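>>> No sequence on hand, only this structure:
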């Protein structure tokens with residue numbers, strides 16, 4: 001895999017430099033978590049402003065996840081040409097451009113311009129992910145790569161938690177609901193654009209470790225990412241994981257409103273959903289520590305099994321047991337993305353950035369699995385439809401124990417920092 005070249009300062013100074021670089025990277029994880037979660041506020045706002053149907057309003061998520069699918073391969077090749085740090089700067093500036101487009105879109109009140117701005121914004125987020133995920137994974141010993149990504153993803157979850165509060169205060173808080181217009185989004189997204197430009201400027205002058213590729217012991221099976229089985233299987237695992245996490249969260253309000261489950265109002269059910277995402281944040285902090293001492297494949301396999309068991313319990317029970325068992329899945333979701341990502345890019349060497357692009361492209365699963373679960377729910381029931389994410393976790397468990405293994409020729413001794 002790619003590594004950090006030896007530095008002239010002593011080991012202690014080198015470790016300090018690496019820790020600083022990791023801290024800088026976590027700000028990026030917070031940023032894209034924050035921006036992604038703002039969609040939950042943006043969707044109902046635009047729906048009310050433009051009198052949209054639910055299908056039309058869901059174009060927000062379609063454009064967001066569609067950007068991952070379209071932009072990720074291009075982003076991977078871009079990072080190969082300009083490097084991780086410059087890629088991060090490009091991603092931040094692209095986000096700023098997308099946020100800035102919200103201002104004229106609100107002035108002319110055209111929904112299509114909002115969608116264009118959102119797509120550009122999401123393209124920037126995609127470039128950030130393709131750059132930052134492998135950079136954090138490479139930034140230290142391979143044996144602790146999953147731990148680093150889990151900790152970074154925990155900061156990402158913090159962004160998810162805080163963004164709705166920010167959006168609700170600036171978009172909905174300043175005016176009465178009947179007075180809300182398209183212009184309500186101008187201030188928050190202009191603020192975000194400004195922060196993105198300042199962050200890009202900061203990364204321009206930060207002295208961060210330069211990642212170099214070493215291919216003597218890696219990527220021995222050829223120059224095509226499709227020959228890397230662990231990566232290909234991992235891409236499907238990311239697709240199914242993101243799809244499972246998103247589709248569970250999407251159905252919880254309706255599920256908790258079922259008379260035999262919780263009989264909750266939409267307001268009450270929405271409050272309960274926060275426990276699902278909160279569990280993911282807590283689990284990522286726990287996972288960051290745990291994966292330093294336990295092999296990531298076993299942690300991933302255990303969490304997959306627990307998710308399967310909890311969904312089986314929820315499907316076959318009622319009342320509080322059905323509610324809390326599906327909520328608990330959030331905790332076990334926590335380490336899956338960073339762990340799968342780390343396992344999938346091990347040993348890719350010069351193909352790392354391209355492999356990262358493929359994995360980020362698989363995030364489009366978040367747009368596909370909810371549609372599948374919706375079809376199952378329409379044909380059977382909301383409760384039984386949770387079999388869809390359950391099947392996804394079965395594959396993830398297989399990937400942990402079998403699909404993530406790589407040939408002995410690709411095993412390497414990680415650089416210790």
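Yep, that arrived. Fair warning: this is a prediction, and the values are worked out from it, not measured in the lab.
>>> in the stretch 201-350 of the chain, which spans are helices?
229-256, 266-290, 296-315, 319-333, 336-345 (DSSP state H, counting those that start in this stretch).
>>> Please indicate which of those helices has the most neighbours on average?
Mean neighbour count (mean count of other Cβ atoms under 10 Å) peaks for helix 336-345 among the helices of the stretch 201-350 of the chain, with a mean of 28. Using the backbone N, CA and C atoms, a C-beta is placed for each residue, glycine as well.
>>> Who are the packing partners of it?
Packing partners of helix 336-345 (3 or more Cβ pairs under 8 Å, 6 or more residues apart in numbering; DSSP states H and E): helix 111-138, helix 145-167, helix 229-256, helix 266-290, helix 296-315, helix 352-361.
>>> In a markdown table: these, plus distance to residue 35.
Shown next, in a markdown table, are these (distance: least, Cβ to Cβ, whole Å):
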| stretch | distance to residue 35 |
| --- | --- |
| helix 111-138 | 6 |
| helix 145-167 | 7 |
| helix 229-256 | 16 |
| helix 266-290 | 15 |
| helix 296-315 | 26 |
| helix 352-361 | 15 |
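>>> right, and those - which one's nearest residue 207?
helix 111-138 (14.7 Å; Cβ to Cβ).
>>> Now do the closest one, average pLDDT.
On average, the pLDDT along helix 111-138 is 90.
>>> Stretch 152-172 too?
Rounded mean pLDDT across stretch 152-172 is 77.
>>> Residue 186 is nearest to which of the helices and strands packed on helix 336-345?
Residue 186 lies closest, by Cβ to Cβ, to one member of the helices and strands packed on helix 336-345: helix 111-138, at 11.3 Å.
>>> and that closest one, which residues are buried?
111, 113-138 (16 or more other Cβ atoms under 10 Å).
>>> now the angle from that helix to helix 352-361?
Here the directions of helix 111-138 and helix 352-361 differ by 130 degrees (axes from the mean of the first three to the mean of the last three Cα atoms, to 10 degrees).
>>> angle of helix 111-138 against helix 145-167?
Using the same axes, to 10 degrees: helix 111-138 against helix 145-167 is 150 degrees.
>>> Helix 111-138 vs helix 336-345, what angle?
Angle between the axes of helix 111-138 and helix 336-345 is 60 degrees (criterion: the same axes, to 10 degrees).
>>> Show the secondary-structure elements that helix 111-138 is packed against.
Helix 111-138 sits against helix 11-37, helix 39-50, helix 59-82, helix 84-108, helix 145-167, helix 336-345, helix 352-361, with contacts defined as 3+ Cβ pairs under 8 Å, 6+ apart.
>>> Could you list every helix and strand that the last one packs against?
In terms of contacts (3+ Cβ pairs under 8 Å, 6+ apart), helix 352-361 is packed against helix 59-82, helix 111-138, helix 229-256, helix 336-345.
>>> what's the distance between the third one and the middle of its chain?
What it means is helix 229-256. With Cα atoms, centre = their mean, to the nearest Å as the basis, helix 229-256 stands 11 Å off its chain's centre.
>>> elements contacting that helix?
Counting contacts by 3+ Cβ pairs under 8 Å, 6+ apart, helix 229-256 is packed against helix 266-290, helix 319-333, helix 336-345, helix 352-361, helix 365-379, helix 387-398.
>>> by how many degrees do it and helix 352-361 diverge?
Put simply, helix 229-256 runs at 20 degrees to helix 352-361, going by the same axes, to 10 degrees.
>>> if I look at the residue nearest to residue 319 when sequence neighbours are not counted, how far off is residue 277?
Spatial nearest neighbour of residue 319, chain neighbours left out: residue 261 (6.9 Å); criterion: Cβ to Cβ, 6 or more residues apart in numbering. Separation of residue 261 from residue 277 (Cβ to Cβ, to the nearest Å) stands at 19 Å.
>>> before we move on, what about residue 405?
From residue 405 across to residue 277, the span is 32 Å (Cβ to Cβ).
>>> before we move on, what about residue 254?
17 Å.
>>> swap in residue 198?
Distance from residue 198 to residue 277, by Cβ to Cβ: 28 Å.
>>> likewise residue 96?
26 Å.
>>> Repeat that for residue 241.
From residue 241 to residue 277 the distance is 15 Å (Cβ to Cβ).
>>> Tell me the pLDDT of residue 23.
Residue 23 carries a pLDDT value of 87.
>>> What number of residues are in the vicinity of it?
11 (other Cβ atoms under 10 Å).
>>> Residue 190 now?
Neighbours of residue 190 using other Cβ under 10 Å come to 15.
>>> which residues touch the nearest residue to it once chain neighbours are set aside?
Leaving aside its chain neighbours, residue 190 sits nearest to residue 103 (6.2 Å; criterion: Cβ to Cβ, 6+ apart). Going by Cβ atoms under 8 Å, 6 or more residues apart in numbering, residue 103 touches 186, 189, 190.
>>> For this protein, which helix or strand comes out least confident on mean pLDDT?
helix 54-57 (a mean of 68; mean pLDDT, DSSP states H and E).
>>> The nearest residue to residue 94 once chain neighbours are set aside: what's it in contact with?
Spatially, and ignoring its direct neighbours in sequence, residue 94 is nearest to residue 124 (3.2 Å; Cβ to Cβ, 6+ apart). When contacts are counted by Cβ under 8 Å, 6+ apart, residue 124 touches 90, 91, 92, 93, 94, 95, 96, 97, 98, 196.
>>> cutoff 7 Å now
Residue 124 makes contacts with 91, 92, 94, 95, 98, as judged by Cβ atoms under 7 Å, 6 or more residues apart in numbering.
>>> pLDDT score for the third one?
In this case it means residue 94. With respect to pLDDT, residue 94 scores 97.
>>> Settle this for me: it is touching residue 123, isn't it.
Yes: between residue 94 and residue 123 there is a contact at 5.6 Å, judged by Cβ atoms under 7 Å.
>>> Residue 37 - nearest residue in space that isn't next to it in sequence?
residue 163 (3.7 Å).
>>> Sorry, slip of the keys, the one I care about is residue 102.
Of all residues not flanking residue 102 in the chain, residue 189 sits nearest, at 4.1 Å (Cβ to Cβ, 6+ apart).
>>> I'd like to know how far that neighbour sits from residue 345.
Counting by Cβ to Cβ, the separation of residue 189 from residue 345 is 32 Å.
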